[in-house]
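> next one to model:
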Amino acid sequence: MARSYKALTLRLDAGRFERLAALAAAENRTPTNYVETLVLRDLAAKDEARRVISVYAAPEAAELTPGPLGRGAEEPEERYEQRKALVAELLSIPDPE
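All right, here's what the predicted structure looks like:
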């Protein structure tokens, strides 16, 4: 099936257009292609942000309270803190049930 495209008019003042054209030229792109790529990246980022992560656990583990996060002997403090923050964020997501 052939894709259907829609046109979009974008108005920029001359100074901003010149900046856009220079950025596009630096990447061997046209201004139109540069803007299209920005829009596609932004849409993809928004789609990614809306993804749902499902974690399945054994029924007997579902009621357990997580203990402290383990840390390997070779793990740098900064990496450990990043993991700890991520786990805390994941555990703060409410269960949809």
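
> residue boundaries of the helices in this protein?
In chain order, the chain shows helices spanning 14-26, 31-49, 77-91, with DSSP state H as the criterion.

> redo these as JSON lines? Include mean pLDDT and distance to residue 71.
Glycine gets a C-beta too; all of them are placed from N, C-alpha and C. What follows is those, written out as JSON lines (pLDDT from 0 to 100; distance: least, C-beta to C-beta, whole Å):
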{"stretch": "helix 14-26", "mean pLDDT": "97", "distance to residue 71": "43"}
{"stretch": "helix 31-49", "mean pLDDT": "93", "distance to residue 71": "29"}
{"stretch": "helix 77-91", "mean pLDDT": "89", "distance to residue 71": "5"}
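
> so what touches stretch 14-30?
Applying C-beta atoms under 8 Å, 6 or more residues apart in numbering, the contact partners of stretch 14-30 are 12, 31, 33-35, 37.

> which of the residues you listed are buried?
Burial by neighbour count, 16 or more other C-beta atoms under 10 Å: within the contacts of stretch 14-30 this picks out 31, 34-35.
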